[in-house]
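[1] compute the structure for the input listed below.
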Amino acid sequence: MKYLIAVLLIVSTTFVTAQGNYYFPERNAKWQEKQPIDLKVDNENLQVAVSFAEQNEYSGSRDLRIAILKGFEREPFHQILGPTKKRGGPAGMILKNGYVIAKWGDTKRVDMTFSVTKSFLSTMAGLAEDKELIGSTKDKVSDYIWDGTFKGEHNSKITWEHLLQQNSAWSGELWGGKDWADRPPREGDIDDWKFEKPKEPGTVMEYNDVRVNVLAYSLTHVWRKPMPLVLKENVMDKIGATTTWRWHGYKNAWTEIDGLKMKSVTGGGHSGAGIFISAEDMARFGLLFLNDGKWKDEQIISESWIQKAITPSKPNVNYGYMWWLNKKGNRHWKGLSENIYYAAGFGGNFIVIDKENDLVVVTRWLEPNKIGEFMTKVNVALK
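    Here you go, the predicted model:
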C-alpha cells in the first residue's frame with residue numbers, strides 16, 4: 001500500500017509539473033532566478049534580445065512632462081493635470097514559469113506606466129463583475145450611474161463592454177477634458193471635430209482617455225471606494241506587491257460618495273497621473289494573469305473574466321477589455337502566437353503574457369515600434 005501511494009504521488013507531481021507549476025515570489029523576498037538552460041531556454045539568444053531592448057531606448061525625453069506635451073501637441077486644450085515623473089532608462093524582466101531568467105536596468109525603480117494602467121482598470125471591472133457589483137458587462141452603465149454622466153439618447157446606449165473595449169463613443173466632458181479634443185482625427189480642425197456626430201456605440205474603436213476616465217469614474221461609484229484602494233486590497237496585497245506603487249488622478253478629479261470626498265483616478269498618463277510602478281510589481285501582475293487569475297492557491301480574478309478580457313472586440317480584432325491581442329490584424333507580431341496578449345503604454349511600457357510558453361515579459365522604455373522585433377528575438381531563444 002505504501003508503495004502504491006508513493007507511485008501515485010510521483011505520478012501526481014509529474015502531472016502538475018507538466019501543466020505548469022509556477023513559482024510565486026513572496027512579499028519582500030528576492031525573486032528566484034534560474035539559468036535559462038535549466039528551463040530549456042537558449043541563453044545566448046536570450047541575451048541578444050536583452051541587448052536589443054537596452055540598445056533601443058524610447059527616443060522621447062526622459063523628462064516625461066516634456067515627452068507628454070510633445071507627444072500630444074496636436075490636441076487642442078491639452079495640458080498636464082496630474083503628477084509626472086522623470087523616467088529611468090531601459091529596464092525589464094523575463095519570467096519563465098515564474099522564475100527570472102533575464103533582467104536588465106533598474107527593475108525596482110518606480111516610473112509612470114501610462115496606458116498599461118488601462119489593463120489594471122479593466123481588472124477592477126472584472127472584480128466588480130466577479131463580486132456581482134455589476135451584473136454583466138452587457139448591462140447599460142446608465143442603470144448604475146444615474147447622475148447625468150450617461151443621460152441622453154446616445155450616452156444612454158453605452159454598456160460596460162463598450163467602455164472596456166474603447167468603442168463607446170461617449171460624448172461629453174469630464175475633469176475639463178472634452179471627448180472630441182482627445183486624440184482628434186488627422187483630418188479637419190476644431191470645428192469639424194467638435195460638431196462631428198458621435199458614432200454608434202460598439203461600432204468603432206477610438207483610443208480616448210476622456211472615455212477611459214469615465215469608466216474609472218463609473219467604477220469608483222459602483223465600488224463606492226477609490227480605485228487604488230480596490231486594487232490594493234483585492235489584488236496587489238494578495239500578490240505580494242511592494243508598497244511603492246501609486247495610482248494618481250488629476251488635481252481636479254474629485255467626487256463625493258457616501259459623504260466622503262474621493263479621487264477618481266485616470267486610466268493612463270496622457271495628461272499626467274495614472275499608475276506609477278516598478279517593473280517587478282508589473283511582473284507580479286503579469287504572473288497573476290499567466291496563471292489564469294490565480295496566485296498560489298487563491299483565485300483572485302476569475303478565469304472566466306480573463307477569457308472575456310482577451311476576447312477580440314468586433315470593431316478591432318487586436319483589442320479586448322483594455323488588453324491588446326496578437327491576433328492577425330494591424331498590430332499582429334508576425335510569426336508569434338496569436339494567443340499572446342499584452343498591456344501597452346506610452347513610451348514603450350509593456351507587460352506581455354505568453355501562456356503557450358509560460359512566459360511573462362516586462363519591458364520599459366523600449367522604442368514602441370520595436371516591441372514586435374524584441375518579442376521575436378525572445379521567441380528565438382525558446383526554440
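[2] residues touching Glu206, list them.
    Gln166, Asn167, Ala169, Arg183, Lys199 (CB atoms under 8 Å, 6 or more residues apart in numbering). Glycine gets a C-beta too; all of them are placed from N, C-alpha and C.
[3] let's go with 7 Å and repeat that
    By CB atoms under 7 Å, 6 or more residues apart in numbering, the contact set of Glu206 is Gln166, Ala169.
[4] same question, His332
    Contact analysis of His332 by CB under 7 Å, 6+ apart lists Asn326.
[5] pull out the buried positions in stretch 166-182.
    Applying a neighbour-count criterion of 16 or more other CB atoms under 10 Å, one finds 166-172, 174-175, 177-182 buried in stretch 166-182.
[6] endpoints of it, how far apart?
    Stretch 166-182 has an end-to-end distance of 13 Å (CA to CA, to the nearest Å).
[7] what does it contact?
    In contact with stretch 166-182 (CB under 7 Å, 6+ apart) are residues 75-77, 81, 154-155, 158, 162, 193-194, 196, 198-199, 201-211, 213-214, 217, 250, 252-253, 313, 315, 319.
[8] picking up where we left off before, Gly372: which of the buried residues of stretch 166-182 is nearest?
    Set against Gly372, the nearest of the buried residues of stretch 166-182 by CB to CB is Gln166 (21.3 Å).
[9] can you count the residues close to the nearest residue to Asn291 once chain neighbours are set aside?
    Residue nearest to Asn291 in three dimensions, not counting chain neighbours: Tyr22, with 5.5 Å by CB to CB, 6 or more residues apart in numbering. When counting by other CB atoms under 10 Å, one arrives at 18 neighbours for Tyr22.
[10] could you pull out the helices for the stretch 151-300 of the chain?
    152-155, 160-164, 190-194, 209-223, 227-231, 279-290 (DSSP state H, counting those that start in this stretch).
[11] any chance of the ones you listed in JSON lines, with distance to Ile94, mean neighbour count and mean pLDDT too?
    Listed next are the helices of the stretch 151-300 of the chain as JSON lines, based on distance: least, CB to CB, whole Å; neighbours: other CB atoms under 10 Å; pLDDT from 0 to 100:
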{"stretch": "helix 152-155", "distance to Ile94": "43", "mean neighbour count": "14", "mean pLDDT": "97"}
{"stretch": "helix 160-164", "distance to Ile94": "28", "mean neighbour count": "25", "mean pLDDT": "98"}
{"stretch": "helix 190-194", "distance to Ile94": "42", "mean neighbour count": "13", "mean pLDDT": "78"}
{"stretch": "helix 209-223", "distance to Ile94": "29", "mean neighbour count": "24", "mean pLDDT": "98"}
{"stretch": "helix 227-231", "distance to Ile94": "25", "mean neighbour count": "20", "mean pLDDT": "98"}
{"stretch": "helix 279-290", "distance to Ile94": "9", "mean neighbour count": "24", "mean pLDDT": "98"}
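[12] now the closest residue to Trp223 other than its chain neighbours: how far from Ala125?
    In space, and not counting its chain neighbours, Trp223 is closest to Val230: 5.2 Å by CB to CB, 6+ apart. Going from Val230 to Ala125 by CB to CB, to the nearest Å gives 10 Å.
[13] swap in Tyr144?
    According to CB to CB, Tyr144 stands 11 Å off from Ala125.
[14] and the two? which has more neighbours close in?
    Taking neighbours as other CB under 10 Å, Tyr144 and Ala125 compare with Ala125 leading, 27 against 17.
[15] nearest residue to the middle of the chain?
    Taking CA atoms, centre = their mean as the criterion, Ser119 is the residue nearest the geometric centre of the chain, at 2.6 Å.
[16] isn't Asn208 right up against Trp193?
    No. Using CB atoms under 7 Å, Asn208 is not in contact with Trp193, being 11.9 Å away.
[17] for Glu57, list each beta-bridge partner.
    Beta bridges link Glu57 to Leu366 when assigned by DSSP bridges.
[18] typo on my end, it should be Trp104
    Residues in beta-bridge contact with Trp104 (DSSP bridges): Gly92.
[19] mind putting the helices of the stretch 151-300 of the chain into TSV with distance to Leu325?
    What follows is those, written out as TSV (distance: least, CB to CB, whole Å):
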stretch	distance to Leu325
helix 152-155	27
helix 160-164	13
helix 190-194	29
helix 209-223	18
helix 227-231	23
helix 279-290	13
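[20] is it fair to say Thr149 lies in a strand?
    No. Assessed with DSSP: H, G, I helix; E, B strand; the rest coil, Thr149 is coil; it does not lie in a strand.
[21] what about the closest residue to it other than its chain neighbours, distance to Pro184?
    Excluding the flanking residues, the one nearest Thr149 by CB to CB, 6+ apart is Val214, at 6.6 Å. Applying CB to CB, the value for Val214 to Pro184 is 18 Å.
[22] check contacts around the residue nearest to Thr149.
    With contact set as CB under 7 Å, 6+ apart, Val214 has these partners: Thr149, Leu163, Trp170, Leu174.
[23] 10 Å - rerun?
    141, 145, 149-150, 155, 158, 163, 168, 170, 172, 174-175, 177, 179, 208, 264, 267 (CB atoms under 10 Å, 6 or more residues apart in numbering).
[24] repeat for Tyr99
    Remark: with contacts taken as CB under 10 Å, 6+ apart, Tyr99 is in contact with Tyr22, Tyr23, Pro25, Trp31, Gln32, Glu33, Lys34, Gln35, Pro36, Asp38, Leu39, Asp358.
[25] the second one is in contact with Gly98, isn't it?
    Yes. When contacts are counted by CB atoms under 10 Å, Tyr23 is listed as touching Gly98 (3.6 Å).
[26] joint contacts of those two?
    Trp31, Gln32, Lys34, Leu287.
[27] am I right that the first one is in contact with Ile94?
    No. With contact defined as CB under 10 Å, Trp31 does not count as touching Ile94 (11.8 Å).
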